[in-house]
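Engineer: This is a predicted model, with the sequence first.
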Amino acid sequence: MEIYLITFKNTQDAMKAEAEYKSENVIFSVYPTPPMILGSCGLSLRLTDEEYFKKGKRLLEKISYKAVYRFTVNGIMKVEHENTL
């Protein structure tokens, strides 16, 4: 199973995104940003691949985020780049 991690520039953006995803009934967890991802705040949103493609990806247009990463058994790949509103 793949995991998607949405990272943020600051905690305020992370909290706004959390509220937006909750209001849209997206299943996610707040997750500490891994240390290998530099330049992001300490909070990220973690979604399964199913939830990311079901609801999470379309909501990226409504939030400010730094990047989206896909975690697989083969490694980590950046799949979406910064969106600032």
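Structural biologist: Noted; the coordinates are in hand. Keep in mind that what you see is a predicted model, and the values were worked out from it rather than measured. Residues are numbered from 1 along each chain as shown.
Engineer: And the helices in this structure?
Structural biologist: 11-23, 49-51 (DSSP state H).
Engineer: So which of those helices is the most surrounded?
Structural biologist: Stretch with highest mean neighbour count among the helices of the chain: helix 11-23 (a mean of 16; mean count of other C-beta atoms under 10 Å). C-beta: built from backbone N, CA, C; applies to glycine.
Engineer: which residues are in contact with that helix?
Structural biologist: Residues outside helix 11-23 that contact it (C-beta atoms under 8 Å, 6 or more residues apart in numbering) are 6, 8, 28, 30, 41-45, 56, 59, 62-65.
Engineer: Could you list the low-pLDDT ranges of the chain?
Structural biologist: Within the chain, the ranges that satisfy pLDDT under 70 run 85.
Engineer: got the buried residues for stretch 57-65?
Structural biologist: Within stretch 57-65, the residues that count as buried by 16 or more other C-beta atoms under 10 Å are K57, L59, L60, I63, S64, Y65.
Engineer: returning to that earlier point: mind putting the helices of the chain into CSV with distance to I76?
Structural biologist: CSV is the format used below for the helices of the chain (distance: least, C-beta to C-beta, whole Å):
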stretch, distance to I76
helix 11-23, 19
helix 49-51, 14
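Engineer: closest one to E2 among those?
Structural biologist: helix 49-51 (4.1 Å; C-beta to C-beta).
Engineer: just how off-centre is stretch 54-72 within its chain?
Structural biologist: Centroid displacement of stretch 54-72 relative to its chain, using C-alpha atoms, centre = their mean, to the nearest Å, is 5 Å.
Engineer: In strands only, show me the contacts of helix 11-23.
Structural biologist: Under the assignment DSSP state E, these contribute I6, V30, L43, S44, L45, Y65 to strands.
Engineer: Looking at those residues, state which has the most neighbours.
Structural biologist: I6 (30 neighbours; other C-beta atoms under 10 Å).
Engineer: which non-adjacent residue is nearest it?
Structural biologist: L45 (4.4 Å; C-beta to C-beta, 6 or more residues apart in numbering).
Engineer: residue contacts, the one you found?
Structural biologist: Contacts of L45 by C-beta under 8 Å, 6+ apart are L5, I6, A14, A17, E18, Y21, F28, S29, V30, Y31.
Engineer: Great, nothing more from me.
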